[in-house]
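Participant: Just a sequence and a predicted model for now, questions to come.
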Amino acid sequence: MADLDLAERRKAAFVTLADIVRAWREQGRGTTSAGVKPPFVEAMDGQDERSLGFTSWREFLDAAVGEGYVRTEQLPSRHTVILLPDEDVVSVRASMARTASSSRGAAAADVRFKPQVWAAFIEWHEDHRRLWDTASGRALVYPVDEDGRPAWETQTERFTPIEAVTFETQRGWMREWAGTQPPADRDALLATLTPEAPLRSFRQELDARGLALAWRAELHARVREHASSWAAEHGVPFHELILRQHPPAARTRAPARPASSTHRVPDAASPHQDAPALDDCERLRRLVHRAVDRMSYAELAAIPIRAEHVLDELR
């Protein structure tokens with residue numbers, strides 16, 4: 001009697017699986033093995049393949065294929081796609097394309113997504129789960145195995161824990177750096193780092209005193225040192241942590257200056273030439289160059305530049 005009940009429950013599960021594949025197909029959605037499992041478990045009121053006597057999701061799918069409810073096919077990416085018995089991958093992809101085209105409708109409004117939201121929707125790896133965290137308002141994307149479990153649980157050797165910079169450590173950095181500033185700035189900044197001060201007060205004081213960029217450079221240097229130490233300790237190539245930059249020659253090539261310019265940087269090719277005394281404008285120019293070399297891409301992109309300064313690059 002128990003075996004009969006198990007057989008009936010398995011049959012109902014196979015029907016549920018096929019119904020999900022059929023419904024997703026009508027919506028133009030892909031039906032990979034890892035992607036279908038979560039809605040299957042939800043449709044089964046929390047029961048998974050183990051409650052049906054199978055040791056893995058793969059074994060359950062093989063049984064559903066054996067009973068003729070679905071069929072599976074491995075994609076070139078080595079992921080498994082679940083199909084209805086009369087489907088093939090080529091026709092399924094064509095159907096999905098038609099569904100997407102017919103449902104597109106009017107052009108969407110010109111909006112800019114948060115980077116992690118854009119990646120969650122557009123990043124193509126089919127073995128990644130995508131979730132929206134309603135508490136923090138963030139999109140999460142993480143890899144899963146064929147059974148839909150987080151890959152760090154089944155492929156532990158693939159992942160290296162990251163030791164984040166704690167809040168208290170960052171507060172310590174702020175205090176140390178604030179202590180190096182002129183007395184008026186130092187006292188005002190340190191006053192924002194007391195336990196009773198609002199968290200945003202340090203940033204507000206930086207903005208009010210024109211020190212935000214200087215602190216950003218200091219923070220970047222300290223995080224780089226922390227990340228570099230972590231990478232060296234765990235054998236992670238440091239270049240994998242940072243954005244690819246232009247070759248040094250491309251970044252240091254001096255732009256052409258108008259012939260009438262009265263400010264000239266000494267020729268680096270003549271190190272023994274007596275360097276002329278620098279005026280305030282030239283000193284400021286060198287300091288700006290030094291700051292730019294330490295800025296992030298986002299900070300660089302926010303710098304307003306008059307068009308006349310880039311015209312020589314277009315000639």
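Facilitator: It's in.

Participant: Closest to the centroid, which residue in this protein?
Facilitator: The chain has residue 116 as the residue nearest its centroid, 5.3 Å off, counting by C-alpha atoms, centre = their mean.

Participant: Do you know the pLDDT at it?
Facilitator: Reported pLDDT at residue 116 in the predicted model: 81.

Participant: Need the three-state assignment for it.
Facilitator: Per DSSP: H, G, I helix; E, B strand; the rest coil, the local secondary structure of residue 116 is helix.

Participant: which one is it nearest to, not counting chain neighbours?
Facilitator: Counting by C-beta to C-beta, 6 or more residues apart in numbering, residue 116 lies nearest to residue 139, which is 4.7 Å off, once chain neighbours are set aside. Where you see a C-beta, it was placed from the backbone N, CA and C, and this is true even at glycine.

Participant: So the one you found belongs to a helix, correct?
Facilitator: No. Counting by three-state DSSP, residue 139 is not found in a helix; it is strand.

Participant: in the stretch 101-250 of the chain, which segments are predicted with low confidence?
Facilitator: Scanning the stretch 101-250 of the chain for pLDDT under 70 picks out 101-111, 244-250.

Participant: which residues of it fall in strands?
Facilitator: 128-133, 138-143 (DSSP state E, counting those that start in this stretch).

Participant: about what we covered before: the residue nearest to residue 116: neighbour count?
Facilitator: By the criterion of other C-beta atoms under 10 Å, residue 139 has 18 neighbours.

Participant: Tell me if I'm right that it and residue 132 touch.
Facilitator: Yes. Residue 139 is within contact range of residue 132, at 5.8 Å (criterion: C-beta atoms under 8 Å).

Participant: need the longest helix for the protein.
Facilitator: helix 2-26 (DSSP state H).

Participant: Who are the packing partners of the helix or strand following it?
Facilitator: Sequence-wise, the next helix or strand downstream of helix 2-26 (DSSP states H and E) is helix 33-43. Here helix 33-43 touches helix 2-26, helix 57-66, strand 80-83, going by 3 or more C-beta pairs under 8 Å, 6 or more residues apart in numbering; DSSP states H and E.

Participant: so how far is the longest one off the chain centroid?
Facilitator: Just to be clear, that refers to helix 2-26. In this view, helix 2-26 has its centroid 37 Å away from the chain centroid, taken as C-alpha atoms, centre = their mean, to the nearest Å.

Participant: Quick check: end-to-end length of stretch 143-154?
Facilitator: Counting by C-alpha to C-alpha, to the nearest Å, you get 11 Å between the two ends of stretch 143-154.

Participant: how about residue 76, what does it touch?
Facilitator: By C-beta atoms under 8 Å, 6 or more residues apart in numbering, the contact set of residue 76 is empty.

Participant: my bad, residue 171
Facilitator: When contacts are counted by C-beta under 8 Å, 6+ apart, residue 171 touches residue 193.

Participant: I'd like the distance between it and residue 200.
Facilitator: Using C-beta to C-beta, to the nearest Å, residue 171 is found at 13 Å from residue 200.

Participant: about what we covered before: hey, which of the helices and strands packed on helix 33-43 is tucked in deepest?
Facilitator: Neighbour counts (mean count of other C-beta atoms under 10 Å) averaged over each of these peak at strand 80-83, with a mean of 22.

Participant: pLDDT of that strand, averaged?
Facilitator: The pLDDT scores in strand 80-83 average 88.

Participant: how distant is stretch 45-60 from the center of its chain?
Facilitator: With C-alpha atoms, centre = their mean, you get 33 Å for stretch 45-60.

Participant: Check stretch 48-67 too.
Facilitator: 34 Å.

Participant: Name the surrounding residues that touch that stretch.
Facilitator: For stretch 48-67, contacts defined as C-beta under 8 Å, 6+ apart pick out 6, 9-11, 13-14, 17-18, 33, 37, 41, 70-72, 80, 82, 146-148.

Participant: thinking residue 38 is in contact with residue 148, fair?
Facilitator: Yes. Between residue 38 and residue 148 there is a contact under C-beta under 8 Å: 6.2 Å.

Participant: overlap in contacts of those two?
Facilitator: Common neighbours of residue 38 and residue 148, counting by C-beta under 8 Å, 6+ apart, are residue 129.

Participant: For the two, work out which one has more neighbours and name it.
Facilitator: Set side by side, residue 38 and residue 148 show more neighbours around residue 148, with 19 against 13, by other C-beta under 10 Å.

Participant: For the strands of the stretch 101-250 of the chain, give me a markdown table that also has distance to residue 152.
Facilitator: Output for the strands of the stretch 101-250 of the chain, formatted as a markdown table (distance: least, C-beta to C-beta, whole Å):
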| stretch | distance to residue 152 |
| --- | --- |
| strand 128-133 | 12 |
| strand 138-143 | 8 |
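
Participant: what are the ranges of the helices in the stretch 201-315 of the chain?
Facilitator: With helices called from DSSP state H, counting those that start in this stretch, the stretch 201-315 of the chain shows them at 201-209, 212-234, 248-252, 280-292, 297-301, 311-314.
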